[in-house]
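Peer 1: Take this sequence and fold it.
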Amino acid sequence: MLGPDGQAANGNSNRQNGGSITDLEEPAITEEELTSLDDRDREMLRSIIRLDATTVREVMVPRLDMDAVEADSPLEVVAETMVSRGHSRLPVYEETVDKILGIVHARDVIAALAWSKPKNSLRNMIRPAFLIPETKRVDDLLEELQERRTQIAIVVDEYGGTEGLVTMEDLLEEIVGEIEDEFSRSREAQVMHQPDGTVLVDAGVTTEHVEEIFGTQIDSIEVDTVGGYVYHSLGRIPQTGDIVETAHLHIEVVSMLGRRLRKLRIHRIDEEAVERTV
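Peer 2: The predicted structure follows:
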(Lines give C-alpha, C1' and ligand atoms only; values in the text may rest on other atoms or scores of the structure.)
Protein backbone atom coordinates (compact mmCIF):
# COMPACT_ATOMS: atom_id res chain seq x y z
CA MET A 1 0.00 0.00 0.00
CA LEU A 2 2.46 2.62 1.22
CA GLY A 3 6.18 2.39 0.95
CA PRO A 4 8.82 3.72 3.35
CA ASP A 5 9.66 7.40 3.33
CA GLY A 6 11.09 8.45 0.01
CA GLN A 7 9.49 5.76 -2.10
CA ALA A 8 6.30 7.60 -3.03
CA ALA A 9 7.91 9.57 -5.87
CA ASN A 10 9.46 6.42 -7.32
CA GLY A 11 6.09 4.73 -7.12
CA ASN A 12 4.46 7.49 -9.13
CA SER A 13 7.20 7.28 -11.72
CA ASN A 14 6.76 3.54 -12.02
CA ARG A 15 3.01 3.92 -12.57
CA GLN A 16 3.64 6.45 -15.33
CA ASN A 17 5.93 3.96 -17.07
CA GLY A 18 3.27 1.28 -16.95
CA GLY A 19 4.73 -0.56 -13.99
CA SER A 20 3.66 -0.84 -10.37
CA ILE A 21 5.42 0.07 -7.18
CA THR A 22 4.65 -3.43 -5.96
CA ASP A 23 6.82 -4.82 -8.78
CA LEU A 24 9.91 -3.42 -7.05
CA GLU A 25 8.98 -4.08 -3.44
CA GLU A 26 9.29 -7.20 -1.37
CA PRO A 27 5.96 -8.99 -0.93
CA ALA A 28 3.93 -7.42 1.86
CA ILE A 29 3.07 -10.92 3.09
CA THR A 30 4.70 -14.28 2.34
CA GLU A 31 2.92 -17.32 0.93
CA GLU A 32 3.46 -19.13 4.23
CA GLU A 33 1.87 -16.27 6.18
CA LEU A 34 -1.07 -16.16 3.78
CA THR A 35 -1.95 -19.82 4.21
CA SER A 36 -1.80 -19.48 8.01
CA LEU A 37 -4.35 -16.65 8.16
CA ASP A 38 -7.83 -17.19 9.52
CA ASP A 39 -10.88 -15.80 7.70
CA ARG A 40 -10.83 -12.55 9.68
CA ASP A 41 -7.19 -11.81 8.87
CA ARG A 42 -7.64 -12.72 5.21
CA GLU A 43 -10.43 -10.17 5.00
CA MET A 44 -8.20 -7.55 6.64
CA LEU A 45 -5.52 -8.27 4.04
CA ARG A 46 -8.07 -7.90 1.24
CA SER A 47 -9.03 -4.54 2.77
CA ILE A 48 -5.42 -3.34 2.55
CA ILE A 49 -5.06 -4.53 -1.03
CA ARG A 50 -8.28 -2.75 -2.01
CA LEU A 51 -6.84 0.58 -0.84
CA ASP A 52 -4.53 0.56 -3.88
CA ALA A 53 -7.54 0.62 -6.19
CA THR A 54 -9.92 2.69 -4.05
CA THR A 55 -10.51 6.37 -4.75
CA VAL A 56 -11.43 9.05 -2.24
CA ARG A 57 -14.89 9.33 -3.77
CA GLU A 58 -15.67 5.78 -2.59
CA VAL A 59 -14.93 6.46 1.09
CA MET A 60 -15.72 10.15 1.57
CA VAL A 61 -18.61 11.64 3.50
CA PRO A 62 -20.83 13.06 0.71
CA ARG A 63 -21.58 16.77 0.55
CA LEU A 64 -25.21 16.27 1.63
CA ASP A 65 -24.09 14.40 4.78
CA MET A 66 -21.31 16.82 5.74
CA ASP A 67 -21.45 18.68 9.02
CA ALA A 68 -20.18 22.24 8.54
CA VAL A 69 -20.69 25.68 10.07
CA GLU A 70 -21.22 29.09 8.49
CA ALA A 71 -18.39 31.56 9.06
CA ASP A 72 -20.54 34.00 11.03
CA SER A 73 -21.96 31.38 13.40
CA PRO A 74 -21.68 32.20 17.14
CA LEU A 75 -19.03 30.15 18.92
CA GLU A 76 -21.69 28.67 21.20
CA VAL A 77 -23.46 27.25 18.15
CA VAL A 78 -20.20 25.86 16.79
CA ALA A 79 -19.40 24.19 20.12
CA GLU A 80 -22.89 22.70 20.35
CA THR A 81 -22.59 21.33 16.82
CA MET A 82 -19.25 19.71 17.63
CA VAL A 83 -20.60 18.09 20.79
CA SER A 84 -23.89 16.90 19.31
CA ARG A 85 -22.29 15.55 16.14
CA GLY A 86 -19.15 14.18 17.79
CA HIS A 87 -16.54 16.13 15.81
CA SER A 88 -13.26 17.70 16.90
CA ARG A 89 -13.01 19.64 13.61
CA LEU A 90 -15.56 21.19 11.29
CA PRO A 91 -15.33 22.79 7.85
CA VAL A 92 -16.24 26.49 7.80
CA TYR A 93 -18.03 27.91 4.78
CA GLU A 94 -19.29 31.26 3.55
CA GLU A 95 -22.75 31.47 1.98
CA THR A 96 -22.52 27.94 0.53
CA VAL A 97 -20.50 24.79 1.22
CA ASP A 98 -18.96 25.24 -2.23
CA LYS A 99 -17.00 28.09 -0.65
CA ILE A 100 -15.04 26.38 2.12
CA LEU A 101 -12.88 28.91 3.97
CA GLY A 102 -11.03 26.37 6.10
CA ILE A 103 -11.28 24.20 9.20
CA VAL A 104 -12.00 25.09 12.83
CA HIS A 105 -10.61 23.02 15.71
CA ALA A 106 -12.60 22.27 18.85
CA ARG A 107 -9.70 23.25 21.11
CA ASP A 108 -9.68 26.77 19.66
CA VAL A 109 -13.42 27.18 20.18
CA ILE A 110 -13.30 25.78 23.71
CA ALA A 111 -10.36 28.01 24.65
CA ALA A 112 -12.15 31.13 23.42
CA LEU A 113 -15.33 30.26 25.30
CA ALA A 114 -13.44 29.31 28.47
CA TRP A 115 -11.61 32.64 28.55
CA SER A 116 -14.80 34.56 27.77
CA LYS A 117 -13.44 36.34 24.74
CA PRO A 118 -16.55 37.50 22.87
CA LYS A 119 -14.49 39.45 20.35
CA ASN A 120 -12.96 36.19 19.12
CA SER A 121 -15.03 35.41 16.05
CA LEU A 122 -15.08 32.09 14.27
CA ARG A 123 -13.37 33.71 11.29
CA ASN A 124 -10.29 34.39 13.43
CA MET A 125 -9.93 30.67 14.22
CA ILE A 126 -10.14 29.27 10.70
CA ARG A 127 -7.17 27.14 9.66
CA PRO A 128 -6.31 26.33 6.03
CA ALA A 129 -8.18 23.41 4.49
CA PHE A 130 -6.42 20.59 2.63
CA LEU A 131 -8.22 20.29 -0.73
CA ILE A 132 -8.00 17.07 -2.74
CA PRO A 133 -9.57 15.77 -5.97
CA GLU A 134 -12.21 13.06 -5.74
CA THR A 135 -10.07 10.83 -7.97
CA LYS A 136 -7.13 10.67 -5.52
CA ARG A 137 -6.26 7.14 -4.41
CA VAL A 138 -6.91 6.32 -0.78
CA ASP A 139 -3.43 4.94 -0.12
CA ASP A 140 -1.85 8.14 -1.48
CA LEU A 141 -4.13 10.28 0.67
CA LEU A 142 -3.28 8.30 3.80
CA GLU A 143 0.40 8.99 3.23
CA GLU A 144 -0.21 12.70 2.55
CA LEU A 145 -2.31 13.14 5.69
CA GLN A 146 0.48 11.55 7.73
CA GLU A 147 3.13 13.76 6.12
CA ARG A 148 1.06 16.90 6.69
CA ARG A 149 0.07 15.75 10.20
CA THR A 150 -3.51 16.72 9.47
CA GLN A 151 -6.71 14.78 10.04
CA ILE A 152 -9.23 16.05 7.50
CA ALA A 153 -9.36 16.81 3.78
CA ILE A 154 -12.04 18.52 1.70
CA VAL A 155 -12.89 16.70 -1.52
CA VAL A 156 -13.53 18.91 -4.57
CA ASP A 157 -14.65 18.20 -8.12
CA GLU A 158 -12.96 19.36 -11.32
CA TYR A 159 -14.69 22.74 -11.08
CA GLY A 160 -13.66 23.37 -7.48
CA GLY A 161 -17.07 22.59 -6.02
CA THR A 162 -17.25 20.73 -2.72
CA GLU A 163 -18.03 17.03 -3.12
CA GLY A 164 -17.50 15.91 0.48
CA LEU A 165 -14.82 15.33 3.07
CA VAL A 166 -12.65 12.49 4.31
CA THR A 167 -10.79 12.07 7.61
CA MET A 168 -7.83 10.06 8.81
CA GLU A 169 -10.25 8.07 10.94
CA ASP A 170 -12.26 7.16 7.83
CA LEU A 171 -9.13 5.78 6.18
CA LEU A 172 -8.00 3.83 9.24
CA GLU A 173 -11.47 2.34 9.51
CA GLU A 174 -11.05 1.05 5.97
CA ILE A 175 -8.22 -1.08 7.37
CA VAL A 176 -9.29 -1.71 10.96
CA GLY A 177 -12.70 -0.41 11.98
CA GLU A 178 -15.11 -1.94 9.51
CA ILE A 179 -13.32 -5.26 9.59
CA GLU A 180 -13.47 -5.29 13.37
CA ASP A 181 -17.22 -4.69 13.15
CA GLU A 182 -17.78 -7.52 10.70
CA PHE A 183 -15.63 -9.95 12.60
CA SER A 184 -16.31 -8.60 16.05
CA ARG A 185 -14.75 -10.42 18.95
CA SER A 186 -15.33 -10.07 22.66
CA ARG A 187 -13.24 -7.56 24.58
CA GLU A 188 -11.66 -10.51 26.41
CA ALA A 189 -10.42 -11.98 23.11
CA GLN A 190 -8.89 -8.66 22.06
CA VAL A 191 -7.01 -8.10 25.31
CA MET A 192 -4.62 -10.67 26.78
CA HIS A 193 -2.95 -10.08 30.14
CA GLN A 194 0.56 -11.55 30.17
CA PRO A 195 2.37 -13.18 33.14
CA ASP A 196 5.04 -10.45 33.05
CA GLY A 197 2.42 -7.78 33.68
CA THR A 198 2.23 -6.48 30.12
CA VAL A 199 -0.98 -6.51 28.12
CA LEU A 200 -1.18 -7.77 24.54
CA VAL A 201 -3.97 -6.07 22.55
CA ASP A 202 -5.37 -6.06 19.03
CA ALA A 203 -4.74 -2.77 17.23
CA GLY A 204 -8.50 -2.30 16.93
CA VAL A 205 -9.02 -2.06 20.70
CA THR A 206 -10.29 1.39 21.63
CA THR A 207 -8.12 3.90 23.45
CA GLU A 208 -10.95 4.18 25.98
CA HIS A 209 -10.63 0.47 26.80
CA VAL A 210 -6.86 0.82 27.24
CA GLU A 211 -7.44 3.78 29.55
CA GLU A 212 -9.80 1.65 31.65
CA ILE A 213 -7.25 -1.17 31.92
CA PHE A 214 -4.37 1.03 33.08
CA GLY A 215 -6.30 3.74 34.90
CA THR A 216 -4.74 6.53 32.89
CA GLN A 217 -5.53 8.77 29.94
CA ILE A 218 -4.20 8.75 26.40
CA ASP A 219 -4.12 12.38 25.38
CA SER A 220 -5.54 12.17 21.87
CA ILE A 221 -8.83 13.42 20.45
CA GLU A 222 -7.75 12.41 16.95
CA VAL A 223 -8.45 8.66 16.87
CA ASP A 224 -10.57 6.03 18.59
CA THR A 225 -8.33 2.95 18.50
CA VAL A 226 -4.92 2.27 20.00
CA GLY A 227 -3.68 1.24 16.56
CA GLY A 228 -4.84 4.55 15.14
CA TYR A 229 -3.03 6.31 17.99
CA VAL A 230 0.23 4.55 17.07
CA TYR A 231 -0.20 5.46 13.39
CA HIS A 232 -0.89 9.09 14.32
CA SER A 233 2.04 9.30 16.76
CA LEU A 234 4.60 7.79 14.39
CA GLY A 235 3.39 9.70 11.33
CA ARG A 236 4.29 6.75 9.09
CA ILE A 237 3.57 3.07 8.52
CA PRO A 238 4.62 1.27 11.73
CA GLN A 239 7.18 -1.53 11.85
CA THR A 240 7.60 -4.40 14.28
CA GLY A 241 9.60 -3.13 17.26
CA ASP A 242 8.45 0.49 16.98
CA ILE A 243 7.69 2.10 20.34
CA VAL A 244 5.31 4.92 21.23
CA GLU A 245 5.12 6.32 24.75
CA THR A 246 2.49 8.44 26.44
CA ALA A 247 2.97 10.12 29.79
CA HIS A 248 2.25 6.81 31.53
CA LEU A 249 2.22 4.03 28.92
CA HIS A 250 4.81 2.18 26.85
CA ILE A 251 3.30 0.82 23.61
CA GLU A 252 5.31 -1.58 21.42
CA VAL A 253 4.41 -2.92 17.98
CA VAL A 254 4.81 -6.71 18.21
CA SER A 255 3.24 -7.95 14.97
CA MET A 256 2.05 -6.68 11.62
CA LEU A 257 -0.17 -8.16 8.92
CA GLY A 258 1.51 -6.91 5.78
CA ARG A 259 1.48 -3.16 6.41
CA ARG A 260 -1.35 -3.28 8.90
CA LEU A 261 -0.92 -3.13 12.67
CA ARG A 262 -2.00 -6.40 14.26
CA LYS A 263 -0.80 -6.72 17.87
CA LEU A 264 0.59 -4.25 20.41
CA ARG A 265 2.20 -4.86 23.80
CA ILE A 266 1.45 -2.25 26.44
CA HIS A 267 2.68 -1.72 29.97
CA ARG A 268 2.55 1.12 32.43
CA ILE A 269 5.76 3.10 32.79
CA ASP A 270 7.38 2.72 36.19
CA GLU A 271 7.32 6.33 37.35
CA GLU A 272 9.74 5.69 40.20
CA ALA A 273 12.24 4.16 37.78
CA VAL A 274 11.88 7.15 35.47
CA GLU A 275 12.53 9.53 38.36
CA ARG A 276 15.68 7.60 39.30
CA THR A 277 17.07 8.05 35.79
CA VAL A 278 16.41 11.79 35.71
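
Peer 1: Please identify the helix or strand for H209.
Peer 2: In this structure, H209 sits in helix 207-214 according to DSSP states H and E.

Peer 1: Now do that helix: which elements does it pack against?
Peer 2: Using 3 or more CB pairs under 8 Å, 6 or more residues apart in numbering; DSSP states H and E as the contact test, the elements touching helix 207-214 are strand 199-202, helix 226-234, strand 260-268. Where C-beta positions appear, they are placed from N, C-alpha and C, glycine not excepted.

Peer 1: Reformat these into a markdown table and put mean neighbour count, mean pLDDT and distance to Q146 next to each item.
Peer 2: Below are these laid out as a markdown table (neighbours: other CB atoms under 10 Å; pLDDT from 0 to 100; distance: least, CB to CB, whole Å):
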| stretch | mean neighbour count | mean pLDDT | distance to Q146 |
| --- | --- | --- | --- |
| strand 199-202 | 20 | 92 | 21 |
| helix 226-234 | 23 | 86 | 7 |
| strand 260-268 | 20 | 88 | 14 |
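
Peer 1: who wins for proximity to I100 among these?
Peer 2: Closest to I100 of the helices and strands packed on helix 207-214, according to CB to CB: helix 226-234, at 23.6 Å.

Peer 1: what pairs with the helix or strand following the closest one, and is each one parallel or antiparallel?
Peer 2: With elements assigned by DSSP H and E, the helix or strand that comes after helix 226-234 is strand 243-245. Strand 243-245 sits in its sheet next to strand 249-257 (antiparallel), going by DSSP bridges.

Peer 1: list the contacts for the nearest residue to V230 once chain neighbours are set aside?
Peer 2: Nearest residue to V230, sequence neighbours excluded (CB to CB, 6 or more residues apart in numbering): V244, at 5.2 Å. Residues in contact with V244, defined by CB atoms under 8 Å, 6 or more residues apart in numbering, are 229-230, 233-234, 251.
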